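[1] I would like the atomic coordinates for the input below:
(chains A and B)
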Protein chains: 2
Amino acid sequence: MFTRLLRRYADLSYNKLITNLTSTPKAKPNDLTKVPFGTVFTDHMIEVDWCEDKGWSEPIIKPYQKIPLDPSCSVFHYCTECYEGFKVYSNPPHILSFRPMTNMERFVISADAAGLPKCSPHELLKCIDELIRIDKDWVPQVPGYTLYVRPNMFGTHAQLSVTKPKKAKLVVIMSLVGPYFPTGYKPISLYCDESLIRSWTGGHGHRKIGGNYGPAIVPAEKVKKLGYDNILWLSEGRVTEVGVMNFFVLFKNKHGLELVTSPIHHTVLPGITRDSVIQLIHEWGEVKMSERDFTIQELIAKLEEENVVEAFGSGTAAVICPINKLAYKGKEYNIPTVQGNCGELTKRIFDELTKIQYGKIKHKWNHYIA
Amino acid sequence: MFTRLLRRYADLSYNKLITNLTSTPKAKPNDLTKVPFGTVFTDHMIEVDWCEDKGWSEPIIKPYQKIPLDPSCSVFHYCTECYEGFKVYSNPPHILSFRPMTNMERFVISADAAGLPKCSPHELLKCIDELIRIDKDWVPQVPGYTLYVRPNMFGTHAQLSVTKPKKAKLVVIMSLVGPYFPTGYKPISLYCDESLIRSWTGGHGHRKIGGNYGPAIVPAEKVKKLGYDNILWLSEGRVTEVGVMNFFVLFKNKHGLELVTSPIHHTVLPGITRDSVIQLIHEWGEVKMSERDFTIQELIAKLEEENVVEAFGSGTAAVICPINKLAYKGKEYNIPTVQGNCGELTKRIFDELTKIQYGKIKHKWNHYIA
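    Numbering: from 1, shown residues only, chains lettered A, B, ... in the order given. So this is what the prediction gives:
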């Protein structure tokens, strides 16, 4: 019984890592600008299997390849899945990532919410760092371009009842990415519709699980057909997030400037870029930083009074993305972008964050891999 | 351009069906009672690929097998997936299914909500009927046991941006199933907690998409540890459904009996067994059938007044499942089961439905396959 218990909880272990390198490395694309977001993958990937009886097997670094799966695996039916995403930056002769342990910790929390097994975030990061070192020649040298690391876990138990999967697979793949918005660093427009609800108190909108993304695709595409770039989601009247980004707005109040973003509740993803922005604003100490509830009515009132100074989205893929327009109830509101395509604070945050991310500034958030 | 348009909309077609039978059929289990729900699959499956440019390819019936998939397919990350489930019954020398076109129509609606392509529900059913005929020896002859048909569609586009998949796969597998509740036809207990929310107005709780199931697994397992069989989900204070079943309760009112179930809104799956129960009650004309909102407070008040006559869940897997207990805010309420393990109306509905399903009664809901 005790042996079984031990075996059951065998954790993911970097020391057990098996490396099986490709003998036929792929050609890297010549022109990164022609590579759509997340379509070209590096030579290798990590695959680790888990089962209820034995715990985590040896992690394997192997050539990037298709995975054969039983069609009854719960991931295809019941969305037993979670993921993470972070970027690797080149600063010759070094390569580095940005706060990756925060991603690892969020991954474990998401897995638990999706009915999937936990693993050691430290051991997982060590395996991922090794994968990055193996494929380090894939890290783009072109500014704005990075290597995007995608850890993903899903249920592989071949049975149809709606229960915790007794088997799961953890996969890490890496992709070449350019700017998330292919039109380049230009402001985006948001559409806000009270009838579209992404997340709600008591739900799972704060977890990085598949179910928060797929069902949001159709509404987002409808909004694109109306001429807007994305949705500003509400929940119970409160402004929450943009779905692929957190939402920040700079208000002009009687007593000064206030940068506002929604608290997490169960409705907002605890973005790592979001947290970094909040920490930077607190450090700078120039503008009041508020994680607080605010309704769409408050936002619209501020827009009508011309007391919205600027607004932006934050996320790993987009980093910081200026917002210049909001549509609500048939009316369009312009949001200032004093720097031409961007607000002043937005630009400053973007510049500071990207300097840290590329290692141009020494910072506790740097994670050097090589 | 016109040719491209035609190709783009190539529908799924039964006439294009390719059949590739196994040369090594599997042994069928001797003792069905030892087969857990949805773990043993028949010899064959259907696989059909879709891509944005060409539409639906030829459907293929092939030996049941693993499917190799690129780890970047959107189904693993963003829950671009939907499914259906219905049963095949043996009534020698015939085999039949129960209202399968309703499942096909709901499947197409779910696919659309998940950002997946539509297909002709008629053509899909013709392909599935052919699969059933090929594997007809798998339809159990033992009462209570059936062949469960699981159509499933998911995004196979190998790219990481959160957009409609440009490629998808439709798979149909079939599994031996016994009673969904392994303890047999006995009443279940429900636990109701206002902090657990499965679905909400403006969301997708009324679609058979993966995101409604995975995130509900962990709460359901917690409730099991408390000694209850399942969750009675609330949404905005209203009683909605049981997650794998719709919920019906028979109230004793001043002017007579009223069978109540929640309307669909966006919070309740439009169950086919649910609809069948509603139609039967209307036909019988003895009890008032109400699809109406009711709050947990109304339900608790009725329980306290002893004006709940009986309650049951309905679903394809469970058919009709009596409920004998409800826990809410630390208090347990008993629900009468006058027939020993079941209410009188519950029993009558179960008997009638299973007679129709097994073809013991000629009915418009019968769909004969062979």
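
[2] Sketch out the low-pLDDT regions of chain A for me.
    Scanning chain A for pLDDT under 70 picks out the ranges A:1-8, A:180-185.

[3] mind giving me the domain split of it?
    Using automatic domain parsing, the domains assigned to chain A come out as A:2-179, A:188-357.

[4] could you pull out the strands for the stretch 1-150 of chain A?
    Under the criterion DSSP state E, counting those that start in this stretch, strands of the stretch 1-150 of chain A are mapped to A:18-19, A:44-51, A:55-56, A:60-63, A:67-69, A:81-83, A:86-91, A:94-98, A:146-155.

[5] So which bits of the fourth one are buried?
    Judged by neighbour count using 16 or more other CB atoms under 10 Å in any protein chain shown, the buried positions of strand A:60-63 are A:Ile60, A:Ile61. Using the backbone N, CA and C atoms, a C-beta is placed for each residue, glycine as well.

[6] and that strand, which strands flank it?
    Sheet pairing of strand A:60-63 (DSSP bridges) gives strand A:18-19 (parallel), strand A:44-51 (antiparallel).

[7] quick one: it to chain centroid distance?
    24 Å (CA atoms, centre = their mean, to the nearest Å).

[8] For it, output the C-alpha coordinates as PDB.
    The C-alpha atoms that make up strand A:60-63 are tabulated as PDB, following Å, rounded to 0.1, in the frame of the first residue of the first chain:
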ATOM      1  CA  ILE A  60      11.400  12.900 -23.100                       C
ATOM      2  CA  ILE A  61      12.900  15.500 -25.500                       C
ATOM      3  CA  LYS A  62      12.200  14.200 -28.900                       C
ATOM      4  CA  PRO A  63      11.900  15.400 -32.500                       C
END
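
[9] all strands for the stretch 251-370 of chain A, in order.
    Under DSSP E, counting those that start in this stretch, the stretch 251-370 of chain A gives strands at A:256-261, A:288-291, A:308-315, A:319-328, A:331-334, A:366-368.

[10] For chain B, find the nearest of the ones you listed.
    Across those, chain B has its closest neighbour in strand A:308-315 (10.9 Å, CB to the nearest CB).

[11] Would you check how far apart the residue lying closest to A:Asn324 once chain neighbours are set aside and chain B are?
    Among residues not flanking A:Asn324 along the chain, A:Pro187 sits closest, at 3.6 Å (CB to CB, 6 or more residues apart in numbering or on different chains). Note on A:Pro187: its distance to chain B, by CB to the nearest CB, to the nearest Å, is 20 Å.

[12] residues near A:Pro187, how many?
    22 (other CB atoms under 10 Å in any protein chain shown).

[13] same deal with A:Lys222?
    Quick note: A:Lys222 (other CB under 10 Å) scores 14 neighbours.

[14] pretty sure it is in a helix, no?
    Yes - membership of A:Lys222 in a helix is supported by DSSP: H, G, I helix; E, B strand; the rest coil.

[15] so what's it up against?
    Applying CB atoms under 8 Å, 6 or more residues apart in numbering or on different chains to A:Lys222 gives no contacts.

[16] one step back: for A:Ile349, which of the strands of the stretch 1-150 of chain A is the nearest?
    Nearest of the strands of the stretch 1-150 of chain A to A:Ile349, taken as CB to CB: strand A:94-98 at 14.1 Å.

[17] Mind giving me the packing neighbours of the closest one?
    Counting contacts by 3 or more CB pairs under 8 Å, 6 or more residues apart in numbering or on different chains; DSSP states H and E, strand A:94-98 packs against strand A:86-91, strand A:366-368.
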